[in-house]
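>>> Return a 3D structure for these sequence lines:
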Amino acid sequence: MNVSFSRGQRLFFFGLLAVVTIFFLWMVRGFLFPIFWAVVFALLLYPAYQRLREYIKNDTLAAALVMLGAFLLVVIPISWLGTRIAQEAFQLYRLFSGSNALASITLPAQIVDSLSIVGINIAELQMNIASWAQTASTWVFSEALTLSSATFNAVLKTLLMLYVLFFFLRDGETLGHYIMRRIPLGDRKERALFDRFASTTRAIMKGTVFSAVAQGFVGGLLFSLAGIENAVLWGAAMAFFSIIPAIGPSLVWLPAGLILLATGALVPGIIVLAGGAVLISPIDNILKPILVGREIKMPDALVLISILGGLGVFGVAGITGIIVGPVVAALSLAVWDMFAEEFEEELTTQG
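Residues are numbered from 1 along each chain as shown. Below is the predicted model:
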């Protein structure tokens, strides 16, 4: 139905459109993150859904089976991991808050003498490290407690995300066409924006999140083999620091290995250091480029800055910022590319 508006009616209509849209977004603001994650997982799972639909010939059943697989492979492991991290964070907090745990560590006399020669007071060093460790463990415990206290809310949002994901998988093509018809940029530009959004989301999930999980898993396994307590928590820490290119996880396993060697635990120290150098570090340099490939089309420095910016906006307790930051950066680059293409003649003339 075509409706012809006068100038006044047009202004009123666009004002009304803006008001109802803003009010709707404000009304559902508490559910925007679950919807966003439903979009992310839909982009990742849609190829599997398409292949399964070719065999089953039933859209609803194919979407339901993909959802079931995602629940078994993603939701259940993440729930277990979150509970385990909270438990180990409490153990770490209790260890450092109850007593000066590091003060009881006795270093070999040769190391103490060597440190004294260069002017390092081992007792003062232990106290400083203990103070830092207590502060860090308190922060980790408070973050874990916050996540634990929000468990019921998280369960509800997860169920909502799965519910929305089902419809995104089953009706994704129809919904995509509906949205694109209402973006006044033209089919080519709309497709370019969507492709940039989709490719960046997939690349970040595969290259950053999956490689982080791999590094955290290997790191936690090494710590467990070395007999280090709270290995799951330290593995999660390595996964988090993996967003820093090249050196990220080494901020955890390198000091741990050196401390083990310094305290006379030679075999565990060698396991951690050798495993970190041979198994963990290559993941960032080998696995991540394979997973990302050329999809993201952004310099590594911009990816890192956008991830840190996303974490600054959305907080470090979740991984939403890790995805949103690079996606916003990629869309910004895409829009500027469109600007340069659209006004190429004017820009060339002025230049």
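>>> neighbouring contacts of stretch 60-75?
Contacting residues not belonging to stretch 60-75 are listed as 41, 45, 48-49, 52-53, 56, 158, 162, 165-166, 169-170 [Cβ atoms under 8 Å, 6 or more residues apart in numbering]. Backbone N, C-alpha and C define where each C-beta goes, glycine included.
>>> want to try TSV for those, with distance to residue 211 as columns?
Formatted as TSV, these follow (distance: Cβ to Cβ, whole Å):
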residue	distance to residue 211
41	18
45	19
48	20
49	24
52	26
53	30
56	32
158	24
162	25
165	23
166	28
169	25
170	30
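>>> ChimeraX command for the buried members of the residues you listed?
Typed into ChimeraX, the line below selects the buried ones among the contacts of stretch 60-75, using 16 or more other Cβ atoms under 10 Å:
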select :41,45,49,52,53,158,162,165,166,169,170
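>>> From the contacts of stretch 60-75, pick the one nearest residue 268.
Using Cβ to Cβ, residue 158 comes nearest to residue 268 of those, at 37.5 Å.
>>> you'd agree the closest one is up against residue 34?
Yes - counting by Cβ atoms under 8 Å, residue 34 is a contact partner of residue 158 at 7.4 Å.
>>> which residues do those two both contact?
What both residue 158 and residue 34 touch, as defined by Cβ under 8 Å, 6+ apart, is an empty set.
>>> mind checking how far residue 48 is from residue 264?
Residue 48 is 51 Å from residue 264, where distance means Cβ to Cβ, to the nearest Å.
>>> for residue 215, same thing?
In terms of Cβ to Cβ, residue 215 sits 28 Å off from residue 264.
>>> And for residue 13?
To residue 264, residue 13 is 77 Å away according to Cβ to Cβ.
>>> And residue 56, by the same measure?
Taking Cβ to Cβ, one finds residue 56 at 60 Å from residue 264.
>>> Isn't residue 223 up against residue 272?
Yes - judged on Cβ under 8 Å, residue 223 makes contact with residue 272 at a distance of 6.9 Å.
>>> between these two, what contacts are shared?
If you check residue 223 and residue 272 against Cβ under 8 Å, 6+ apart, the residues they both contact are 253, 256.
>>> and the closest residue to residue 91 other than its chain neighbours, how many residues sit next to it?
Counting by Cβ to Cβ, 6 or more residues apart in numbering, the nearest residue to residue 91 once its immediate chain neighbours are dropped is residue 230, at 6.0 Å. Residue neighbour count, defined by other Cβ atoms under 10 Å, stands at 23 for residue 230.
>>> Provide the backbone phi and psi angles at residue 230.
phi 60, psi 40 (degrees, to the nearest 10).
>>> Let me know whether it touches residue 88 as I believe.
Yes - using Cβ under 8 Å, residue 230 makes contact with residue 88 at a distance of 4.1 Å.
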